[in-house]
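> what would the 3D arrangement of this be:
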Amino acid sequence: MAQRLDGKATANQIRERIAVEVQEFVTQTAVQPCLAAVLVGEDPASHVYVKNKETACRSVGIDSRLIRLPATVTQPELVAEIQRLNADAAVHGVLVQLPLPKHLDTQAVLDQVAPGKDVDCFHPENVGLMVQERPRFLPCTPHGVLQILQAYGLHTVGRHVVIVGRSEIVGKPMAALLSQKLGPCGSDYSNATVTLCHSRSTDLETQLRQADVVVAAIGQPQRIRGEQIKPGAVVIDVGINRTPAGLVGDVDYDSCAAVASAITPVPGGIGPLTVAMLLENTLRAARGMHHDYMTEK
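As a prediction, the model looks like this:
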């Protein structure tokens, strides 16, 4: 039976460290880090995610603001709100909760967030820096995956990692981070041979059976089953799918746990780590802004 990788416990340890660092920053600068979230419309899941982020901010001493906008908001109105937050020196991190209503151009909206406040690491400038191994910020979910691998000593160096899903939020940045020489968590948790699978990949099962590590991020409930993975593989489930039976991942937990050596559950796996990495990015943003301010002075 696979080892259960406890993302909640790992995230709590990280949050304890961040809380100490936030207090040190406040003591040194008299500035409280602040995260502003922009929530458009009434999507129930988005409301839950934003509430969780507010609670997490409070737990480590980060101030949080919530800007609620109606689902009917226009593109210029939303852009104006983001630009207002960009200009507010008391706000260090800005995130736009996704998904946005269909009439809005998501990429154009995300591009409006100032790179120095882009704590989701969606801006092309920050993505470019991350790919070149000199990140300003790290994308929250992929960084969370690296954190749990490191917490349990699950090395990726020289191993074959198969990522299922090529999204800009998880799949692509995950592939970039795992194939780097040094990597954010050190060379033992990068230097992988990475295969990035997607909807046009042929014979996904063959790829999965060759994988030492599987990262599932496709948004399909319980798509990957135990008979598809190599015995002893590490299975990281990034999916969060709402079903009549409750929250499930992209992996069929029971069948995969019977074959894998280690596996993340849903819920309680990567989700809490994604939020913890958002807190870390917000503190990094505050430090970056304060450093710039001190330099200008």
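> buried ones in stretch 202-215?
Neighbour counts over stretch 202-215 (16 or more other CB atoms under 10 Å) mark 204, 207, 208, 211, 212, 213, 214, 215 as buried. For the C-beta atoms, the positions are set from N, CA and C on the backbone; glycine is no exception.
> can you tell me how far the second one sits from residue 118?
It refers to residue 207. 32 Å (CB to CB, to the nearest Å).
> can you show me the strands along the protein?
3-4, 34-40, 63-69, 93-96, 160-164, 193-197, 213-216, 234-237, 241-243, 246-248, 262-263 (DSSP state E).
> and of those, who's closest to residue 145?
When these are compared by CB to CB, strand 234-237 sits nearest residue 145, at 5.5 Å.
> quick one: low-confidence ranges for the stretch 1-150 of the chain?
Of all residues in the stretch 1-150 of the chain, none has pLDDT under 70.
> try 90
43-45, 47-48 (pLDDT under 90).
> same thing with the stretch 151-297 of the chain?
If you take pLDDT under 90 as the line, the stretch 151-297 of the chain has these spans: 242, 245, 290-297.
> I figured residue 233 was touching residue 213, is that so?
Yes: counting by CB atoms under 8 Å, residue 233 touches residue 213, with 6.6 Å between them.
> before we move on, back to that, make CSV from the strands of the chain and add distance to residue 14 to it.
Below are the strands of the chain laid out as CSV (distance: least, CB to CB, whole Å):
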stretch, distance to residue 14
strand 3-4, 18
strand 34-40, 16
strand 63-69, 18
strand 93-96, 17
strand 160-164, 22
strand 193-197, 25
strand 213-216, 19
strand 234-237, 17
strand 241-243, 25
strand 246-248, 22
strand 262-263, 19
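> so which of these comes closest to residue 51?
Of all these, strand 63-69 comes closest under CB to CB, at 8.9 Å.
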